[in-house]
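Chemist: Quick one: sequence plus predicted model below, questions after.
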Amino acid sequence: MNPTNHPSYWEKHNFFAADVIIIGSGIVGLNAALTIKQGSPQTSVMILERGFLPNGASTKNAGFACFGSISELIEQEKICGPDGLHDLISKRWTGLLKLRNLLGDDGIYYQNYGGYELFRPNDSLLAQECVLKLSHFNALIADIVSEKEVYSVADNQIASFSFKGITALLKNKLESQIDPGKMMKSLLAKASALGVVVLNMCEVEKVNEEEKQIVLETSQGRFTCNKVILTTNAFINGLRSTVNVVPGRGQVVITKPIPNLKLKGTFHYDKGFYYFRNVGDRVLLGGGRNLDFKTEETTEFGETEKVQAALLSLLQTVILPDVDFEIDQKWSGIMAFGNELHPIVKELDPNIYCAVRCNGMGIAIGSHTGQEVGELVLKRL
């Protein structure tokens, strides 16, 4: 900030101070703000966002309303056990329900076409393992989703999607898709209606603990508050390097409209490292992070030749074989991962809180995570 461009008295008292300031205007930050304002309407809440739009993954993700494909659940159960996985899926499902109830299905363009997991011939052993686990995971989540047969074998649908080289297909009948941009517009409108102030293009550079208040040094000047919540997900290391978060870039492409597209639904391949869906009559495809984990452990947006070539090959050989298509757009989003599957929601220092690390499940668990940190702050107001 230009040192001669001092804020006015009115600006300082109305825009540079709040009871609670949230850093990051993504799905977690906005849900935290809504939770605090709904629980304590008199509390002033402000969100500072470094980007013109939420700068991470909230408006850049693929729009999967999912809670785990079978192969992903197998890997996750190895990490946290059946009870831990049950708790994690419960939070994901609760988060999805909260998002739908809060904004309405029209507000997020929610469409339940079902979700599918694909297997090629060289994945035969994994496919067999997944089929053997169907009843186990159906039983594990039955009380969460109030359904007994969520996952099933769907090999008879392979031909209907015109896939090539796919020998097995599993279905999750509860998996759906949304429009992340529409979701964020709806969340921002809801927050604004409750009096939450969102200031964009305001990057927080440092969080200082002073005797009676928290001071935030930003690109636009100094802000003060009583409590601060860090919801910057993969970018939290710039403010608190002690938090166990590893960034993960997700590269995404989307085709131009394809006449008579047979694809409808959300799809997972290679243990969830690739994911694709229809967006109307277009195909959106993302993933490939596992081709070069180290390179993709970055907070820098962009594309790489290796991942882009893999995405194009998958489109040409499996998803859209013998179909003429053109790539219309490319982009990337930054997710946050760690050695534990649950998000980090806690008070880091007195009056400094964080809610980060959604492990690529921000749509599902972001609402719940934001609510959780909001309730934590409400208890301390």
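Modeler: Now that the structure is in, tell me what you want to look at. Numbers count the residues shown, from 1 in each chain.
Chemist: residues in contact with the nearest residue to residue 64 once chain neighbours are set aside?
Modeler: Using Cβ to Cβ, 6 or more residues apart in numbering and skipping residues adjacent in sequence, the residue nearest residue 64 is residue 266, 5.1 Å away. Where C-beta positions appear, they are placed from N, C-alpha and C, glycine not excepted. Residue 266 is in contact with 64-66, 113-116, 175-177, 275-277, counting by Cβ atoms under 8 Å, 6 or more residues apart in numbering.
Chemist: Helices - which of these land there?
Modeler: Judged by DSSP state H, the contacts of residue 266 include no members of helices.
Chemist: Give me the buried stretch members for the top helix by length along the chain, please.
Modeler: For the chain, the helix with the greatest residue count under DSSP H is helix 70-103. Residues of helix 70-103 classed as buried by neighbour count (16 or more other Cβ atoms under 10 Å): 70-74, 76-77, 85-86, 88-96, 98-100, 102-103.
Chemist: Now the helix or strand where residue 372 lies: buried residues?
Modeler: Applying DSSP states H and E as the criterion places residue 372 in helix 362-380. By neighbour count on 16+ other Cβ under 10 Å, the buried set for helix 362-380 is 362-374, 376-377.
Chemist: Tell me the one of these nearest residue 57?
Modeler: Taking Cβ to Cβ as the measure, residue 57 sits nearest to residue 362 out of the buried residues of helix 362-380, at 5.8 Å.
Chemist: does the closest one really touch residue 58, like I thought?
Modeler: Yes. Counting by Cβ atoms under 8 Å, residue 362 does reach residue 58; the two are 6.6 Å apart.
Chemist: by how many degrees do the longest helix of the chain and helix 362-380 diverge?
Modeler: For helix 70-103 against helix 362-380, the angle by axes from the mean of the first three to the mean of the last three Cα atoms, to 10 degrees is 60 degrees.
Chemist: Now do the helix or strand just after helix 70-103, average pLDDT.
Modeler: Counting by DSSP H and E, the next helix or strand C-terminal to helix 70-103 is helix 105-108. Mean pLDDT, helix 105-108: 97.
Chemist: now do stretch 270-282
Modeler: Throughout stretch 270-282, pLDDT has a mean value of 96.
Chemist: mind listing what's buried in it?
Modeler: Using 16+ other Cβ under 10 Å as the test for burial, stretch 270-282 gives 270, 271, 272, 273, 274, 275, 276, 277, 278, 279, 282.
Chemist: Outline the domain layout of this protein.
Modeler: Per automatic domain parsing, the structural domains of the chain span 9-60+181-243+340-380, 106-177+245-337.
Chemist: Can I get these in TSV including distance to residue 81?
Modeler: Converted to TSV, these look like this (distance: least, Cβ to Cβ, whole Å):
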stretch	distance to residue 81
domain 9-60+181-243+340-380	11
domain 106-177+245-337	11
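Chemist: winner for burial among those domains?
Modeler: domain 9-60+181-243+340-380 (a mean of 20; mean count of other Cβ atoms under 10 Å).
Chemist: Pull up the distance across it, start to finish.
Modeler: 29 Å (Cα to Cα, to the nearest Å).
Chemist: What of stretch 358-366?
Modeler: 7 Å.
Chemist: Identify the bridge partners of the residue nearest to residue 64.
Modeler: With DSSP bridges applied, residue 266 shows beta-bridge pairing to residue 115, residue 277.
Chemist: From residue 189, how far out is it?
Modeler: Note on residue 266: its distance to residue 189, by Cβ to Cβ, to the nearest Å, is 26 Å.
Chemist: quick one: the helix holding residue 372 to chain centroid distance?
Modeler: Chain-centre distance of helix 362-380: 14 Å, with Cα atoms, centre = their mean, to the nearest Å.
Chemist: What of stretch 348-357?
Modeler: Distance, centroid of stretch 348-357 to centroid of chain: 19 Å (Cα atoms, centre = their mean).
Chemist: Endpoints of it, how far apart?
Modeler: 14 Å.
Chemist: Would you mind checking the average pLDDT for that stretch?
Modeler: Rounded mean pLDDT across stretch 348-357 is 95.
Chemist: Make residue 1 into 4 and carry on from there
Modeler: Got it, first residue is 4 now, which makes that one stretch 351-360.
Chemist: Can you give the contact residues for it?
Modeler: For stretch 351-360, using Cβ under 8 Å, 6+ apart, the contacting residues are 31, 35, 210, 212, 217, 229-237, 239, 243, 245-248, 339-341, 346-350, 372-373, 375-376, 379-380, 383.
Chemist: Which of those fall in strands?
Modeler: When DSSP state E defines the strands, the subset of the contacts of stretch 351-360 inside them is 210, 212, 217, 229-233, 339-340, 347-350.
Chemist: Output the residues you listed as JSON lines; include the columns distance to residue 56.
Modeler: Converted to JSON lines, those look like this (distance: Cβ to Cβ, whole Å):
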{"residue": "210", "distance to residue 56": "23"}
{"residue": "212", "distance to residue 56": "30"}
{"residue": "217", "distance to residue 56": "26"}
{"residue": "229", "distance to residue 56": "28"}
{"residue": "230", "distance to residue 56": "25"}
{"residue": "231", "distance to residue 56": "22"}
{"residue": "232", "distance to residue 56": "20"}
{"residue": "233", "distance to residue 56": "19"}
{"residue": "339", "distance to residue 56": "18"}
{"residue": "340", "distance to residue 56": "22"}
{"residue": "347", "distance to residue 56": "24"}
{"residue": "348", "distance to residue 56": "24"}
{"residue": "349", "distance to residue 56": "27"}
{"residue": "350", "distance to residue 56": "29"}
